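model this:
(chains A and B)
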Amino acid sequence: MRDTNRTQRIAFACLQAATILIVIPVALIVLLVLFRGLPGLSLEFIFSMPREGMRAGGIFPAIVGTTYLVLGAAVFSIPLGILAAIYLNEYAPKSRLTRLIELAIINLAGVPSIVYGLFGLGLFVIFLNFGSSILAGSLTLAIEGLPVIITATREALGAVPRSFREVSYSLGASRWQTVRHVVLPNAVPGIMTGTILELSRAAGETAPILFTVAAFYLPRLPQSVYDQAMALPYHIYVLSTQVPGVSVKIQYGTVLVLVGMIFILNVIAAYIRARFRKRKTW
Amino acid sequence: MIIKTNKLNLWYGAFQALIDVDLAIERNRITALIGPSGCGKSTLLRVFNRMNDLIEGVRMSGSVNFEGKEILDHEIDLITLRKRIGMVFQRPNPFPLSVFENVVYGLRVHGEKNKQVLAEAAEKSLSAVLLFDELKDKLSMNALGLSLEQQQRLCIARLLSVTPEVLLMDEPCSALDPFATMKIEELMIELKKQYTIVIVTHNMQQAARISDDCGYLLLGELVEFADTKKIFTTPADKRTEDYITGRFG
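Numbers count the residues shown, from 1 in each chain, chains lettered A, B, ... in the order given. Next up, the predicted model:
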């Protein structure tokens, strides 16, 4: 009896320790970025152009660039991903082709991000002749995000109770009418949560934009989708390794802005999920 | 006679769930299908609106005639069929929408946009299930906030709004308490004036109380089909007698 209790206590302590260990790196990163980045943060830093070879001034073009890239990735990946997920979940017969497609999606999720970068360089920048541009970068990020959006959407669709579909069919609704009127409306919050989380990840990606869009130094805002753009993750890399003599304030300030943008996206996703959970009664 | 089956067989993969079922359902009557769990009564019910099509690996043979049309025909328009033969499920299953949106769901899906038409249809359907007076001021409340009995009534109203001729009811009272069950039964007797009702029930008393015709299924076979009074007083088959007297099942 005493032995059981002792084992129980040890197991409990191990589990608790492991859980606490997870918090430590997160807390350290956040604290470090806050402490070192906050002094550099100001409206001027956010809204002005870099000066003196990026050693002074702000990071506005990089913020704008990352925003464009995320929006561009969203425009391409959300419709494609959601439509594909609807087809796979609601229409596709259980055939060899369907299994092949599912296998492809799983593999797409496992491809390292630098490979996406090279793929984007080969297909969009060179072959389709978009050049290093927002268009090429967005498309590359979109393809990288597709598997996550498809998987999240399929899970959201799959979570809609079967009985809803049955009732809809029994009332004479077609498959599409059922998807459109019953399945999708009930899956939207789940789809949105997954999609926003994926976009927040895309905002922080460096390798896929490296050869497809990112400009080393471009002290003006992009004029069209065929323009190169600065982007926050790549800018951080440049500031910390490629330009000598950049102050810690500017380096960490940039990191703080990127982390802040991603954090806001994640909070939105969490909010949608929490709101929906409260409403959901089935 | 509104629905007539002839040598109806149904297989789930290799398992035969219905064996040579011959049955005739009369208009404006309540036909009950009784039998122990797994006897095929729900499967038979779901043949009439082809809901079994949603299950993979289902095969059927024989014929099911509905008003001169062959239901098992591959070419049949399932949308029209299901509008004419509607279904009420075991668990009340309103959509997580308002009462109003639930009732008009079928109409909306079929493209009705006129607010006047929708409102009239909602009132008519809710009145038919004696829910309108209770809920006329709460049409915008979420249907999931209703009591189970109200939810089941609402599901029937949702079905009536697409103006079916036959109502298939798959154990419609099994999630309800005895009092709510009684109310739904009263409603069914009221509804049979206008509709033909086929009900699956595991509750023999319920079949005896409300049905006009009754079929007893056992292991996929329709053992006996006759007037309810006859089934419950002088069954022709020994197996039916065993079941209704409680010696079996």
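
what strand or helix carries the residue of the stretch 1-150 of chain A found nearest chain B?
Distance from chain B to each residue of the stretch 1-150 of chain A (CB to the nearest CB) is smallest for A:Lys94, at 7.4 Å. Using the backbone N, CA and C atoms, a C-beta is placed for each residue, glycine as well. Using DSSP states H and E, A:Lys94 falls within no helix or strand.

for it, give me its contacts.
By CB atoms under 8 Å, 6 or more residues apart in numbering or on different chains, the contact list for A:Lys94 reads B:Glu56.

which parts of the stretch 151-282 of chain A sit against chain B?
Within reach of chain B by CB under 8 Å from any CB of the partner chain, the stretch 151-282 of chain A has these residues: A:161, A:163-174, A:177, A:181-182, A:186, A:279-282.

if you set the cut-off to 6 Å instead, what comes out?
The stretch 151-282 of chain A comes close to chain B at residues A:163, A:167, A:170-173, A:177, A:181, A:281, as judged by CB under 6 Å from any CB of the partner chain.

who's in contact with A:Ala207?
A:Ala207 makes contact with A:113-114, A:117 under the criterion CB atoms under 6 Å, 6 or more residues apart in numbering or on different chains.

filter the residues you listed to the buried ones?
Taking 16 or more other CB atoms under 10 Å in any protein chain shown as the criterion, what is buried in these is A:113, A:117.

which among the contacts of A:Ala207 are in contact with chain B?
With CB under 6 Å from any CB as the criterion, these include none near chain B.

distance to B:Leu167 and pLDDT added to the contacts of A:Ala207, as TSV?
Formatted as TSV, these follow (distance: CB to CB, whole Å; pLDDT from 0 to 100):
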residue	distance to B:Leu167	pLDDT
A:Ser113	57	95
A:Ile114	62	95
A:Gly117	61	96
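
returning to that earlier point: between which two of the residues of the stretch 151-282 of chain A next to chain B is the distance greatest?
Maximum pairwise distance among these (CB to CB): 26.2 Å, between A:Gly172 and A:Thr281.

what's the PyMOL line that selects buried ones from the residues of the stretch 151-282 of chain A next to chain B?
The buried residues among those can be selected in PyMOL (16+ other CB under 10 Å) with this line:
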select buried, chain A and resi 167+170+171+172+173+177+181
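
which of the residues of the stretch 151-282 of chain A next to chain B sits closest to A:Phe12?
Distance to A:Phe12, by CB to CB, is smallest for A:Thr281 among these, at 34.8 Å.

number of nearby residues for the closest residue to A:Pro219 other than its chain neighbours?
Excluding the flanking residues, the one nearest A:Pro219 by CB to CB, 6 or more residues apart in numbering or on different chains is A:Met49, at 4.7 Å. Neighbours of A:Met49 under the rule other CB atoms under 10 Å in any protein chain shown: 14.

just checking, A:Met49 touches A:Leu218?
No. Judged on CB atoms under 6 Å, A:Met49 makes no contact with A:Leu218 at a distance of 9.5 Å.

where does chain B come near chain A, residue by residue?
Listed as neighbours of chain A in chain B under the rule CB under 6 Å from any CB: B:79, B:82-83, B:87, B:93, B:106, B:109, B:144, B:162.

can you pick out the most distant pair from those?
That would be B:Ile79 and B:Leu144, which, of these, are the farthest apart (CB to CB) at 27.1 Å.

before we move on, the earlier item: now the residue nearest to A:Pro219, what are its backbone angles?
Dihedral angles of A:Met49 (phi, psi; degrees, to the nearest 10) stand at phi -80, psi 150.

that one and A:His235, how far apart?
12 Å (CB to CB, to the nearest Å).

and A:Tyr271, by the same measure?
The spacing between A:Tyr271 and A:His235, counted by CB to CB, is 29 Å.

let me see the ranges of the helices in the stretch 151-282 of chain A.
For the stretch 151-282 of chain A, the helices defined by DSSP state H, counting those that start in this stretch occupy A:162-170, A:175-178, A:184-204, A:207-210, A:232-237, A:248-279.

also chain B?
B:41-48, B:78-84, B:99-103, B:105-109, B:115-128, B:132-135, B:148-160, B:178-191, B:204-210, B:228-233, B:238-244 (DSSP state H).

make TSV out of those helices and add mean neighbour count.
Converted to TSV, the helices of chain B look like this (neighbours: other CB atoms under 10 Å in any protein chain shown):
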stretch	mean neighbour count
helix B:41-48	23
helix B:78-84	17
helix B:99-103	25
helix B:105-109	22
helix B:115-128	16
helix B:132-135	14
helix B:148-160	24
helix B:178-191	16
helix B:204-210	19
helix B:228-233	17
helix B:238-244	18
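
show me what contacts B:Val64?
B:5, B:71-72.

mind putting those residues in CSV, pLDDT included?
Output for these, formatted as CSV (pLDDT from 0 to 100):
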residue, pLDDT
B:Thr5, 95
B:Ile71, 93
B:Leu72, 93
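
scan those residues and report the most crowded one.
B:Thr5 (23 neighbours).

does that one have beta-bridge partners, and which?
B:Leu23, B:Val64 (DSSP bridges).

how much space separates it from B:Phe15?
From B:Thr5 over to B:Phe15 (counting by CB to CB), the distance is 19 Å.

can you check A:Val64 too?
For A:Val64, the distance to B:Phe15 - CB to CB - is 63 Å.

in the stretch 1-150 of chain A, which spans are helices?
Taking DSSP H, counting those that start in this stretch as the criterion, the stretch 1-150 of chain A carries its helices at A:2-37, A:43-47, A:60-86, A:96-110, A:113-120, A:134-158.

what sits against B:Glu26?
B:Met1.

right, I mislabeled it, should have said B:Ser125
Going by CB under 6 Å, 6+ apart, B:Ser125 touches B:103, B:157, B:160-161.

thought A:Tyr87 was touching A:Leu157, still the case?
No. The criterion here is CB under 6 Å, and A:Leu157 misses it with A:Tyr87 at 10.6 Å.

so the two - more neighbours on which side?
Taking other CB under 10 Å, A:Leu157 and A:Tyr87 do not tie; A:Leu157 has more neighbours (21 against 14).

and the residue lying closest to A:Ile209 once chain neighbours are set aside, what's its pLDDT?
Excluding the flanking residues, the one nearest A:Ile209 by CB to CB, 6+ apart is A:Gly137, at 4.7 Å. Listed pLDDT for A:Gly137 reads 97.

A:Gly137: neighbour count?
Neighbour count for A:Gly137, taken as other CB under 10 Å: 33.

can you check B:Leu167 too?
Neighbour tally, B:Leu167, other CB under 10 Å: 23.

list the contacts of it.
B:86, B:195, B:197.

so the first one bridges to which residues?
Which is B:Gly86. Bridge pairing for B:Gly86 - DSSP bridges - gives B:Leu167.

low-confidence ranges, chain B, go.
In the predicted model, chain B carries pLDDT under 70 at residues B:249.

meant to ask about the stretch 1-150 of chain A
A:1-2.

for stretch A:84-104, which positions count as buried?
Neighbour counts over stretch A:84-104 (16+ other CB under 10 Å) mark A:84-86, A:88-90, A:101 as buried.

widest-spaced pair of those residues?
The most distant members of the buried residues of stretch A:84-104, if one measures by CB to CB, are A:Glu90 and A:Ile101, lying 14.2 Å apart.

next, format the contacts of B:Leu167 as JSON lines and append neighbour count and distance to B:Leu148.
Shown next, in JSON lines, are the contacts of B:Leu167 (neighbours: other CB atoms under 10 Å in any protein chain shown; distance: CB to CB, whole Å):
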{"residue": "B:Gly86", "neighbour count": "26", "distance to B:Leu148": "20"}
{"residue": "B:Tyr195", "neighbour count": "20", "distance to B:Leu148": "22"}
{"residue": "B:Ile197", "neighbour count": "24", "distance to B:Leu148": "20"}
